[in-house]
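1. with the input below, show me the fold.
(one chain, ligands or ions: 1)
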Amino acid sequence: MSHPIAWVPAERARHASTDPVSRRGCREYPEGQRVTTLCGQTVEACEGELAWLWWTCPDCDDRARELVGAPPRPDVGQRS
Ligand SMILES: [Zn+2]
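-> A predicted model of the protein is given here:
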């Protein structure tokens, strides 16, 4: 399954973006690239193992799931 979404760790969170990834065959953005996220921010991409441990931006998570038609996470939306 292929979809246009890539995850980008930036600003201490993992965001998702539909911006094209410039490196061929790579699903990550190079460090420092400015990326427009699904939650409407413009951030500079970070790289590194620690970056992937940051929390997932809930807005990007929701929108990414909408875009690929995935069901929402079971732990979201049941507390309100
Ligand atoms: Zn986000």
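
2. quickly list what the residue nearest the centre of the chain is bridged to.
-> Against the mean C-alpha coordinate of the chain, by CA atoms, centre = their mean, the closest residue is Ala16 at 1.8 Å. Beta bridges link Ala16 to Trp7, judged by DSSP bridges.

3. wait, it touches Cys57, no?
-> Yes - counting by CB atoms under 8 Å, Ala16 sits close enough to Cys57 to count as a contact (7.4 Å). C-betas here are computed from N, CA, C, even on glycine.

4. mind listing the shared neighbours of these two?
-> Thr37 (CB atoms under 8 Å, 6 or more residues apart in numbering).

5. tell me the spacing between the residue nearest to the centre of the chain and Leu50.
-> According to CB to CB, to the nearest Å, Ala16 and Leu50 sit 19 Å apart.

6. quick one: the nearest residue to Cys60 once chain neighbours are set aside from the ion, how far?
-> Leaving aside its chain neighbours, Cys60 sits nearest to Ala16 (4.0 Å; criterion: CB to CB, 6 or more residues apart in numbering). With distances taken as CB to the ion, to the nearest Å, Ala16 is found 7 Å from the ion.

7. pull up the residues of this protein that are close to the ion.
-> Proximity of the chain to the ion (CB under 5 Å from the ion) is limited to residues 15, 37, 39, 57, 60.
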